[in-house]
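Participant: Just the structure for this:
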Amino acid sequence: MRKIEDIFIEMNGIPNRPGYVKLHRSGELKKRGEILWEMLKDCMLCPRKCRVERLSGETGFCKATAKLKVASFSPHFGEERSLVGVGGSGTIFLSHCNLGCVFCQNWDISHHGAGTDCKIEDLAAMMLQLQEQGCQNINVVTPTHFSPHVILALDQAASRGLRLPLVYNTSGWERTRILKLLDGVVDIYLADFKYMDAQHAAAYSNDALDYPEVTCSALLEMNRQVGVALPERNGVICRGLMIRHLVMPNNVSGSIEAMRWIAEYLPVETYVNIMIQYRPAYRAHLFPEIDGYVSRDAYLEVVTEARTLGLTNLDVE
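Facilitator: Below you'll find the model as predicted:
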């Protein structure tokens, strides 16, 4: 007799059980979450390595303690089409951020920490509710500083029947040591690739001078874990690396260089969303070089270069 979860997976166009299900059944998923939780005592979850004791209420750059904070959760239809499908992406916006970009469009959540304090079991319940609502995946946004909470909640939700792919929606600025603890847990890495120039990263993302180097290493590790993101027969992606690159004014993002790096170091089938949605938000008005919009010609130059380089899995305007 077929299990209910197998029928659910088939109906939702999900070809295989997410990897975290197997890890949950073996006890490994909870173990990984506990390892990450221990790191809160001397927090080095992100490249800033603040080394604060978050369990006792200390805060570092991201301003998050060990108490989980969630801004919102709902089916989201504004993500990539291959993540939205029919039921939407089950998006959970986590409060605070470890990068702190001056042009952030969600500054009230990321910089000011808008949101509600939650328990891990509350986060697990959110995941299950999104599955019940027919979402295609569970999409945790800015998860780095709350990665222990996400993994422990995932373990609880898996014990109660969660079977949706997990999307790790990140700035791309991730320590490979932490990513290795997510191997087999994350199904889809949805990663930004913001800058190719260290000075620009430092200027617009709060002294993240090592952003290009760290993110390039992170993308390589993500690709090793989940491989190329290709849609299933229903057009929905269930596994793989998805890169977002936002073209910025005055070539601040180093778009041509970013496309060349992807073409050289990742498979040519790598999914790349070349985005033109930049707008000067939050404190961008304080920086004249990014206080404007991207021209259509500048955007098309990046798209043309990507195609010339042989990148075949492009999501473009």
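Participant: what ranges do the strands span in the stretch 201-317 of the chain?
Facilitator: 240-246, 271-275, 313-315 (DSSP state E, counting those that start in this stretch).
Participant: From the contact counts, what lies against the last one?
Facilitator: Just to be clear, that refers to strand 313-315. Packing contacts for strand 313-315, counted by 3 or more C-beta pairs under 8 Å, 6 or more residues apart in numbering; DSSP states H and E, involve strand 271-275, helix 296-308. (C-beta placed from N, C-alpha, C; glycine too.)
Participant: among these, which is the most enclosed?
Facilitator: Ranked by mean neighbour count, the helices and strands packed on strand 313-315 are led by strand 271-275 with a mean of 23 (mean count of other C-beta atoms under 10 Å).
Participant: by how many degrees do that one and helix 296-308 diverge?
Facilitator: 170 degrees (axes from the mean of the first three to the mean of the last three C-alpha atoms, to 10 degrees).
Participant: What's the mean pLDDT across strand 271-275?
Facilitator: Mean pLDDT, computed over strand 271-275, is 98.
Participant: Paired strands for it, with orientation please.
Facilitator: strand 240-246 (parallel), strand 313-315 (parallel) (DSSP bridges).
Participant: which regions of this protein lie under the pLDDT threshold?
Facilitator: Low-confidence segments of the chain, defined by pLDDT under 70: 1-16.
Participant: Name the residues of the longest helix anywhere in it that come out as buried.
Facilitator: Of all segments of type helix in the chain, defined using DSSP state H, the longest is helix 211-226. Within helix 211-226, the residues that qualify as buried are 211, 212, 214, 215, 216, 218, 219, 221, 222, 223, 225, 226, counting by 16 or more other C-beta atoms under 10 Å.
Participant: What of stretch 283-299?
Facilitator: Quick answer for stretch 283-299 (16+ other C-beta under 10 Å): 283, 284, 287, 290, 294, 298, 299.
Participant: between those residues, which is nearest residue 111?
Facilitator: residue 283 (8.9 Å; C-beta to C-beta).
Participant: The residue nearest to the closest one when sequence neighbours are not counted: what secondary structure?
Facilitator: Leaving aside its chain neighbours, residue 283 sits nearest to residue 102 (4.4 Å; criterion: C-beta to C-beta, 6 or more residues apart in numbering). With DSSP: H, G, I helix; E, B strand; the rest coil as the basis, the three-state label of residue 102 is coil.
Participant: any idea how far residue 102 lies from residue 159?
Facilitator: When distance is defined by C-beta to C-beta, to the nearest Å, residue 102 is 41 Å away from residue 159.
Participant: These two - which one has more neighbours?
Facilitator: Per other C-beta atoms under 10 Å, whichever of residue 102 and residue 159 has more neighbours is residue 102, with 19 against 13.
Participant: next one: phi and psi at the more buried one?
Facilitator: Dihedral pair for residue 102: phi -70, psi -10, per degrees, to the nearest 10.
Participant: doesn't residue 281 make contact with it?
Facilitator: No. Look at residue 102 against residue 281 with C-beta atoms under 8 Å: they stay out of range, at 9.0 Å.
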